[in-house]
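A.B. asks: sequence unknown, structure follows:
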């Protein structure tokens with residue numbers, strides 16, 4: 001069983017893709033490993049995916065599961081790629097009580113990799129802002 005740790009809360013979930021820490025280090029580069037397996041955050045404005053405007057799909061850097069359709073991406077002004085709706089069944093969430101606040105952490109439903117957080121200040125039709133670390137994703141053009 002894979003364990004998911006989110007900002008001080010511990011949730012046990014079983015993921016389809018499971019690897020040891022050493023195996024994850026072979027699959028992910030150091031910044032990806034820090035974000036996806038250690039719940040880090042990339043510096044705002046550093047991801048080339050923030051400027052990605054083509055049609056296609058944003059996929060998990062850890063397991064290549066499709067996460068977001070490019071048509072749901074919007075410019076949030078935060079410096080991180082933001083989306084208003086994930087693909088069905090692509091993500092899961094946990095409560096994150098780190099940094100003296102409560103947030104909703106978003107992770108890949110397939111491998112458990114930390115992706116970012118979701119906030120209730122996004123555009124219509126969902127009103128959600130899935131604020132993702134670009135290093136945790138890859139882009140697959142249509």
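C.D. replies: Yes, it's here. Because the structure is a prediction, the values reported are computed rather than measured.

A.B. asks: helices of the chain, residue ranges please.
C.D. replies: Applying DSSP state H to the chain gives helices spanning 21-27, 30-36.

A.B. asks: need the ones you listed in JSON lines with distance to residue 104, can you?
C.D. replies: In short, each C-beta sits where N, CA and C put it, glycine included. Below are the helices of the chain laid out as JSON lines (distance: least, CB to CB, whole Å):
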{"stretch": "helix 21-27", "distance to residue 104": "23"}
{"stretch": "helix 30-36", "distance to residue 104": "17"}
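
A.B. asks: can you say which of these is packed in most?
C.D. replies: The highest mean neighbour count among the helices of the chain, using mean count of other CB atoms under 10 Å, belongs to helix 30-36: a mean of 19.

A.B. asks: what about that one, average pLDDT?
C.D. replies: Throughout helix 30-36, pLDDT has a mean value of 97.

A.B. asks: once you drop chain neighbours, what's closest to residue 39?
C.D. replies: Nearest non-adjacent residue to residue 39, counting by CB to CB, 6 or more residues apart in numbering: residue 114, 4.7 Å away.

A.B. asks: look up the residues forming beta bridges with the one you found.
C.D. replies: Beta-bridge pairing for residue 114 (DSSP bridges): residue 107.

A.B. asks: neighbours around it, how many?
C.D. replies: Applying other CB atoms under 10 Å, we find 27 other residues in the vicinity of residue 114.

A.B. asks: and residue 50, how close does it get to residue 107?
C.D. replies: 20 Å (CB to CB, to the nearest Å).

A.B. asks: of these two, who's got more company?
C.D. replies: residue 107 (25 against 18).

A.B. asks: hang on, the more buried one packs against residue 114?
C.D. replies: Yes: counting by CB atoms under 8 Å, residue 107 does reach residue 114; the two are 5.3 Å apart.

A.B. asks: and the most centrally placed residue in the chain, what's its pLDDT?
C.D. replies: Among the residues of the chain, the one closest to the centroid is residue 115, at 1.7 Å (CA atoms, centre = their mean). We have a pLDDT of 98 for residue 115.
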